[in-house]
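Trainee: build me a model:
(one chain, ligands or ions: 1)
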Amino acid sequence: MLELKDISKVFYPGTVNEKLALDSVSLNIAQGDVVCIVGSNGSGKSTLFNIVCGTYPVTGGTIHFNGEDVTHKPEYRRARTIGRIFQDPTKGTAAGMSVEDNLITALTKGMRGLKFSLNNERREFFREQLIPLGLDTRLKDNVGLLSGGQRQALTLLMTVLSQPKMLLLDEHTAALDPGNAQVVMNMTEHFISQFNLTALMITHNMQHAIDFGTRLVMMDEGTIILDVSGEEKKKLTVLKLVELFKSIKNKTYASDEALLTL
Ligand SMILES: Nc1ncnc2c1ncn2[C@@H]1O[C@H](COP(=O)(O)OP(=O)(O)OP(=O)(O)O)[C@@H](O)[C@H]1O
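Mentor: You can find the predicted model right below:
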């Protein structure tokens, strides 16, 4: 579905600040893969997402999406097929609009420009979708009144309703308290299976990365150093993952958050 071949990204080339953020990264994502991406700060995880979305141009390499070469396709055109959710719960929703109006916006995007009006049937559909979020009585409320966790859950629902082919979750629970983070993780799992989505999720929480999804990719210094799936992934523990990192890189895994989940 997504094929990254020999992707490199250099920031500020030819200057004293030159930084090789991605170094010949190749990655194939199949339809239905749910891939957790871990790696210490600065290892290139967000840059990888920015390259997939077209936020940044590549320095070298190619990107194919469902067989189409999208390497130079602009971000706004890739946004139709790729839904991205950020860490900041305020980013994906419009605070000054009601829950209902936010959902209409998302659904209209998903319907690819078809004329759409809010009839009772549609309102009932929204209400049903909002039940697992505990927001089914709040269709008329302004989104600015919702908690961070509720807003992120709504962002998730909106993204899914816009019918992306691939979901990119960029530490989407990191700014939430543990209770809300768990609720949003459960919602994420529910939507991925309900809508049969392919997803990539960046997380610093190694336990989440082990428990969630079908595949785990670890990055370091702009490269992919580990890619496990199936039974091998199921057998992982945080301790094993940290030890694997040490044996591959001959250094200690530098993330306090990861070590906290040990
Ligand atoms: N827009 C930019 N301009 C210059 N350098 C950048 C830019 N974005 C990222 N970098 C650099 O590229 C490297 C990889 O950064 P990136 O944000 O992809 O890491 P990350 O793994 O997502 O880190 P974190 O876990 O801290 O979010 C870092 O050295 C970073 O400073």
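
Trainee: could you use CA atoms for every contact and neighbour count after this?
Mentor: Fine.

Trainee: go through the helix or strand where Glu243 lies and flag the buried ones.
Mentor: Under the criterion of DSSP states H and E, Glu243 resides in helix 238-249. Using 16 or more other CA atoms under 10 Å as the test for burial, helix 238-249 gives Val238, Leu241, Val242, Glu243, Leu244, Phe245.

Trainee: which other helices and strands does it contact?
Mentor: Applying 3 or more CA pairs under 8 Å, 6 or more residues apart in numbering; DSSP states H and E, we find helix 238-249 packed against helix 206-211.

Trainee: tell me the strands beside the helix or strand just after the helix it packs on, with direction?
Mentor: Proceeding N to C from helix 206-211, the next assigned helix or strand is strand 215-220, under DSSP H and E. With DSSP bridges as the test, strand 215-220 is paired with strand 34-39 (parallel), strand 223-229 (antiparallel).

Trainee: of all these, which lies closest to the ligand?
Mentor: strand 34-39 (6.0 Å; CA to the nearest ligand atom).

Trainee: can the next helix or strand after the closest one be found next to the ligand?
Mentor: With elements assigned by DSSP H and E, the helix or strand that comes after strand 34-39 is helix 45-53. Yes: judged by CA under 6 Å from any ligand atom, helix 45-53 and the ligand are in contact via Lys45, Ser46, Thr47.

Trainee: list the contacts of the first one.
Mentor: Put plainly, it is Lys45. Applying CA atoms under 8 Å, 6 or more residues apart in numbering, we find Lys45 in contact with Ile37, Val38, Gly39, Ile202, Met219.

Trainee: just give me the residue right at the centre of the chain.
Mentor: With distances taken as CA atoms, centre = their mean, Leu169 lies nearest the centre of the chain, 1.4 Å away.

Trainee: which strand or helix spans that residue?
Mentor: Assessed by DSSP H and E, Leu169 sits inside strand 166-170.

Trainee: from the contact counts, what lies against the helix or strand just after that strand?
Mentor: Going down the chain from strand 166-170, the next helix or strand is helix 178-194, by DSSP H and E. Helices and strands touching helix 178-194, by 3+ CA pairs under 8 Å, 6+ apart, are helix 148-161.

Trainee: residues of the protein that sit close to the ligand?
Mentor: Phe11, Ala21, Ser40, Asn41, Gly42, Ser43, Gly44, Lys45, Ser46, Thr47.

Trainee: let's go with 8 Å and repeat that
Mentor: Counting by CA under 8 Å from any ligand atom, the chain comes close to the ligand at 11-12, 19-22, 38-48, 204, 219-222.

Trainee: list buried residues within the residues you listed.
Mentor: Neighbour counting with 16+ other CA under 10 Å marks 20-22, 38-40, 43-48, 204, 219-222 as buried within the residues of the chain next to the ligand.

Trainee: strands along the stretch 1-150 of the chain, start to end?
Mentor: Using DSSP state E, counting those that start in this stretch, the strands of the stretch 1-150 of the chain run over residues 2-11, 19-29, 34-39, 60-65, 68-69, 82-85.
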